[in-house]
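Asker: Sequence below, structure please.
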Amino acid sequence: MNKTIDINCDLGEGGNFDADIMPLISSCNIACGGHFGDRNSVDLAVSLAKTHHVNVGAHPSYPDFDNFGRKSMDLSLDELKEHLHQQIDIIEKSCKGYGVKLHHIKPHGALYNDMRKSQKIADLIFNVVIERNSEMILFTPPNVNFSYKIPKSITLWMEGFADRSYQNDLSLVSRKENGAVLNDPDLIFERVLSMINNHEVLSLSGEIINQEFDTICVHSDTANALKILQVLRAKLIENGIKIGEDYES
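Answerer: A predicted model of the protein is given here:
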């Protein structure tokens, strides 16, 4: 039986290759005004996703254009929740305008990493999903500790990164460290194939870690991202792996 994997990419972030990347993926995470973007950039990305039958996700972050959402911010939980709702409002309105479904939410940058570090942040993000749509998918990193029992209506997709190195606890290696970002297409393909077939990922220190993933991300701002995705998609299909579930409009 053929296997299926979702391949996602963070788009609408001012990159030059969104139109080339979109046909190669099955889900996209669109910046919606926190670390980058406005209604115009969101509309463009949603339109591209609809054209190529790619599932649309919101990619909210700390409200921090200056640092591209890659630094934690000292906001009250109420302030943060309001910012997240404002960002998701932008993309939800765009989706309604183009007649597509908002498929998932994936936090960006420091907010994504803080989900693992802080149960309060994890719970806040979980509550935002509940308040928006109780049937929406939430992309999460491994080892997130929610205090709530996850209702059956909420789907969590465990996300792996094709182009980022992991520590032994499955936290991401800081971008400031050597080897944190990977950009060799063939190496990345072998890594992703092992993630799919063996449910294994190799940490930066060389330890093999067992982890099952539902979706795998390639960042659009990684050097060589377009080539990575071209090689990854072609080789996965050659190896009998389907890219993405059926598109939901």
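
Asker: partners of residue 217 in the sheet?
Answerer: residue 8, residue 161 (DSSP bridges).

Asker: Who are the contact partners of it?
Answerer: Neighbouring residues of residue 217 by CB atoms under 8 Å, 6 or more residues apart in numbering: 7-10, 29, 159-163. (Each C-beta comes from the backbone N, C-alpha and C, glycine too.)

Asker: Quick check: closest non-adjacent residue to the residue most central in space within the chain.
Answerer: Centroid check for the chain by CA atoms, centre = their mean gives residue 106 as the closest residue, at 5.1 Å. The shortest distance from residue 106 to any non-neighbouring residue, by CB to CB, 6 or more residues apart in numbering, is to residue 139 (3.8 Å).

Asker: quick one: what helix or strand has the one you found in it?
Answerer: Element membership of residue 139 [criterion: DSSP states H and E] is strand 137-140.

Asker: contacting residues around that strand?
Answerer: Contacts of strand 137-140 (CB under 8 Å, 6+ apart): 8, 29, 57, 103-107, 115, 125-126, 129, 154-159, 215.

Asker: for stretch 229-237, same thing?
Answerer: Defining contact as CB under 8 Å, 6+ apart, one finds that stretch 229-237 is touched by 5, 7, 9, 21, 24-25, 162, 185-186, 188-189, 192-193, 196, 218, 243.

Asker: tell me the mean pLDDT for that stretch?
Answerer: The predicted model gives stretch 229-237 an average pLDDT of 97.

Asker: So for that stretch, what gets flagged as buried?
Answerer: By neighbour count with 16 or more other CB atoms under 10 Å, stretch 229-237 contains the buried residues 229, 231-233, 235-236.
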